[in-house]
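A.B. asks: kindly return the folded structure for what I paste below:
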Amino acid sequence: MTRILLAEDDQVMREYLTRALEKSGYAVVAVDRGTAALPLIEAERFDLLLSDIVMPEMDGIELAQRASEIAPDMRIMFITGFAAVTLKAGKQVPQARVLSKPFHLRDLVLEVDRLFEMEQVPSRN
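C.D. replies: Numbers count the residues shown, from 1 in each chain. I've put the predicted structure just below:
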């Protein structure tokens with residue numbers, strides 16, 4: 001089962017996203033800040049870090065950069081409501097996907113599905 005680590009400081013949003021992803025067949029571990037996510041990344045294997053960008057203590061960009069050092073194969077997706085922050089994320093973590101708020105849960109699940117469909121397509125070389 002695909003494992004997702006969700007870092008989102010807004011409790012309602014965190015619970016909402018967790019339920020939607022779990023209903024779609026993903027295993028989700030949710031935390032309320034980046035500093036809570038790092039020890040989990042060090043101790044466990046996750047397929048995706050899904051992180052808000054604007055959070056207290058450690059923003060999602062710093063979390064993603066540190067997570068990439070610890071677990072280089074883990075995929076990264078940001079969720080944010082700030083256009084300027086989206087540009088910063090694209091420059092600092094170019095391999096990450098960015099989903100802008102507001103979004104429909106269906107869009108989030110489709111984006112996550114797409115991330116993992118790519119690795120299941122056989123290469124034609």
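A.B. asks: now stretch 34-52: buried residues?
C.D. replies: For stretch 34-52, burial by neighbour count (16 or more other C-beta atoms under 10 Å) applies to 34, 36, 37, 38, 41, 46, 47, 48, 49, 50, 51, 52. Quick note: C-beta positions are derived from backbone N, CA and C, even for glycine.
A.B. asks: now the end-to-end length of it.
C.D. replies: 9 Å (C-alpha to C-alpha, to the nearest Å).
A.B. asks: where does the nearest residue to residue 55 once chain neighbours are set aside land in three-state SS?
C.D. replies: Across the structure, with C-beta to C-beta, 6 or more residues apart in numbering as the measure, the residue nearest residue 55 apart from its sequence neighbours is residue 9 (4.4 Å). Under the three-state scheme (DSSP: H, G, I helix; E, B strand; the rest coil), the conformation of residue 9 reads as coil.
A.B. asks: repeat that for residue 16.
C.D. replies: Classification of residue 16 using three-state DSSP returns helix.
A.B. asks: which ones are touching it?
C.D. replies: With contacts defined as C-beta atoms under 8 Å, 6 or more residues apart in numbering, residue 16 is in contact with residue 105.
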